[in-house]
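In: Could you look at this predicted model? Sequence included:
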Amino acid sequence: MSELYWDPWDPEINADPYELFRRLRDEAPLYYNEQHDFYAVSRADDVEVAFVDYRRLINGRSSILEFIQSGMAMPPGMFIFEDPPQHTKHRGLLSRVFTPRRMLDLEPSVRALCVRLLDPYVGSGGFDFVKDYAALVSSQVIGMLLGIPEADQSAVREHTESHQHEGRRDVDPANFEGEYYADYITWRESNPSDDLMTALLTVEFEDEHGVTRNLTRQEVLTYVNLLSGAGNDTTAKLIGWSGKILADHPDERRLLVDDPGLIPAAVEELLRYEPPGMQNARYAVEDVEIAGGVVPAGKAVSTIMASANHDERRFPDPERFDVRRGPTGIMTFAFGTHFCLGAALARLQGRVALEEMLKRFPEWTVDEEGAVLQVTSTTRGWDSLPIRFSPNR
């Protein structure tokens, strides 16, 4: 048996990591990587415990291993990299403008977008499921939400993609300053609308110091940069995985064609089976007993959500893709204090994108030679996924 070694910066290892994750769960539920000096938990229950223990396993040093180990300071308002009470205030502020009603109101626009993107390919031989569909849906929906003019949304997507880390440990704090969006902020100040950018510019709140105020310009820029990046990347990967997994499981795809009511459950199974985010990290401010061992104070610990989602202790027969499974307890959106604020929006886009796809194209295959998998230290997904329809389509 080969040496048990997991390196989140090794794209070859992470291209197909699930057998390795099984070994981590069985042989080293608290794993230590000596080369890069970090710990990792891989079982579902341990990942959940780590997410809940926010006082000792903090988020304030970032949730990305590279950032924790670099010691870089997070920009103010980067709430995903904060701890209470700052996190509570900043997340609560965004929750006020990122409401379920606003998400629900987006559905007709999301559906119309999917129709507009797919209809030109009816009767064709195929298209690139990611570049021509998944990436466009995710970027244009987050553009709608933020209030970025439609004509500029493709350029914004390209900017976001150019800042995805494809190397091993190339941390650039400047990526999070958000200056790219400064002109959009200025434009929205003079052209308010019913969008998140306008809401962020006008919202009044009480900060962690008890001061009632508006967001500073830099805070607005940080929020917009954060939402744009998060909304573009992971949702595009979710939709992209639906194209690959359903091509690989035609019988499951046929169930969805015959009974579209199964699609919401299928989206949950997609999120379990191939989560766009592979792992999250925390920083131990004191010794923490977990997974049968101890994470020493001052060390980073990776919570491997992709492994947790395949833990047979929680999900029977986890390597089987089953659209009728209806999984509960997935770790794809994290858990507890830092549960993903955009989960409802991601689920909405995944569901509508799949509904409209299956209405028009009940069958497809993937051009494996042309498909390109993009793997970073935190995410896995398709950069390109050419699909082909049968000649009689």
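Out: That came through fine. Being a predicted model, the structure only gives us computed values, none of them experimental. Residues are numbered from 1 along each chain as shown.
In: low-confidence ranges in this structure?
Out: 1, 75-77, 97, 153-179, 231, 391-393 (pLDDT under 70).
In: Any idea which residue is closest to the centre of it?
Out: The C-alpha lying nearest the average C-alpha coordinate of the chain belongs to Thr234 (Cα atoms, centre = their mean; 3.4 Å).
In: hey, where'd the helices end up in the stretch 201-350 of the chain?
Out: 217-248, 250-258, 263-273, 305-308, 343-360 (DSSP state H, counting those that start in this stretch).
In: Next, count neighbours for Pro120.
Out: 10 (other Cβ atoms under 10 Å). Backbone N, C-alpha and C define where each C-beta goes, glycine included.
In: Check for me that it belongs to a helix.
Out: Yes. Counting by DSSP: H, G, I helix; E, B strand; the rest coil, Pro120 falls inside a helix.
In: picking that back up, OK, contacts around the residue nearest to the residue nearest to the centre of the chain when sequence neighbours are not counted?
Out: Leaving aside its sequence neighbours, Thr234 sits nearest to Pro276 (Cβ to Cβ, 6 or more residues apart in numbering; 4.2 Å). Shown in contact with Pro276 (Cβ atoms under 8 Å, 6 or more residues apart in numbering): Asp233, Thr234, Thr235, Lys237, Leu238, Trp241, Thr332, Thr379, Arg380, Gly381.
In: closest to Ser95 out of the helices of the stretch 201-350 of the chain?
Out: Closest approach to Ser95 among those (Cβ to Cβ): helix 343-360, 11.3 Å.
In: so after the closest one, what's the next helix or strand?
Out: strand 365-366 (DSSP states H and E).
In: Could you check how far that next one is from the centre of its chain?
Out: 24 Å (Cα atoms, centre = their mean, to the nearest Å).
In: picking that back up, just tell me which of the helices of the stretch 201-350 of the chain ends up closest to Phe389.
Out: The nearest among the helices of the stretch 201-350 of the chain, by Cβ to Cβ, is helix 343-360 at 9.8 Å.
In: For the closest residue to Ser62 other than its chain neighbours, grab phi and psi.
Out: Take Ser62 and drop its neighbours on the chain: the residue closest to it by Cβ to Cβ, 6+ apart is Phe81, 4.7 Å away. Dihedral pair for Phe81: phi -110, psi 40, per degrees, to the nearest 10.
In: What number of residues are in the vicinity of Phe81?
Out: Neighbour tally, Phe81, other Cβ under 10 Å: 24.
In: can you check Glu286 too?
Out: The burial count for Glu286: 11, using other Cβ under 10 Å.
In: Where do the strands of the stretch 101-250 of the chain begin and end?
Out: 126-128, 204-206, 212-214 (DSSP state E, counting those that start in this stretch).
In: now what about the first one, what contacts it?
Out: If I follow you right, that is strand 126-128. Strand 126-128 is contacted by residues Tyr121, Tyr133, Trp364, Asp367, Ser384, Leu385, Pro386, Ile387, Arg388, Phe389 when judged by Cβ under 8 Å, 6+ apart.
In: and which of those residues is nearest Asp10?
Out: Ser384 (21.4 Å).
In: check contacts around the closest residue to that closest one other than its chain neighbours.
Out: Nearest non-adjacent residue to Ser384, counting by Cβ to Cβ, 6+ apart: Val372, 4.2 Å away. Counting by Cβ under 8 Å, 6+ apart, Val372 makes contact with Trp382, Asp383, Ser384, Leu385.
In: same question, Ile13
Out: Tyr5, Trp6, Asp7, Leu20.
In: What helix or strand is it located in?
Out: helix 11-14.
In: how far does that helix sit from the chain's center?
Out: 19 Å.
In: can you put the contacts of Val372 in CSV and add secondary structure, neighbour count and distance to Met74?
Out: Below are these laid out as CSV (DSSP: H, G, I helix; E, B strand; the rest coil; neighbours: other Cβ atoms under 10 Å; distance: Cβ to Cβ, whole Å):
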residue, secondary structure, neighbour count, distance to Met74
Trp382, strand, 25, 30
Asp383, strand, 19, 28
Ser384, strand, 17, 32
Leu385, coil, 27, 34
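In: how about those residues, which pair is most distant?
Out: Most distant of the contacts of Val372, by Cβ to Cβ, are Asp383 and Leu385, 8.2 Å apart.
In: what residues are shared contacts of these two?
Out: Val130, Val372.
In: and Leu227, how far is that from Pro108?
Out: According to Cβ to Cβ, to the nearest Å, Leu227 and Pro108 sit 21 Å apart.
In: More neighbours: which of those two?
Out: Each of Leu227 and Pro108 has its neighbours counted (other Cβ under 10 Å); Leu227 has more, 22 against 10.
In: doesn't Gly147 make contact with the more buried one?
Out: No. The pair formed by Leu227 and Gly147 falls short of the contact definition of Cβ atoms under 8 Å, at 11.0 Å.
In: overlap in contacts of these two?
Out: Leu196.
In: how about the strands of the stretch 101-250 of the chain, which one is nearest Arg61?
Out: Closest among the strands of the stretch 101-250 of the chain, using Cβ to Cβ: strand 204-206, at 24.9 Å.
In: The closest one packs against which elements?
Out: Secondary-structure packing of strand 204-206 (3 or more Cβ pairs under 8 Å, 6 or more residues apart in numbering; DSSP states H and E): helix 86-97, strand 212-214.
In: quick revisit: which PyMOL command selects the buried ones in the contacts of Ile13?
Out: PyMOL command restricting the contacts of Ile13 to the buried ones, with burial defined by 16 or more other Cβ atoms under 10 Å:
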select buried, resi 6+20
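In: For the contacts of Ile13, work out which two are farthest apart.
Out: Counting by Cβ to Cβ, the most remote pair of those is Asp7 and Leu20, 10.1 Å apart.
In: Next one: Asp207 relative to Thr216, how far apart?
Out: 10 Å.
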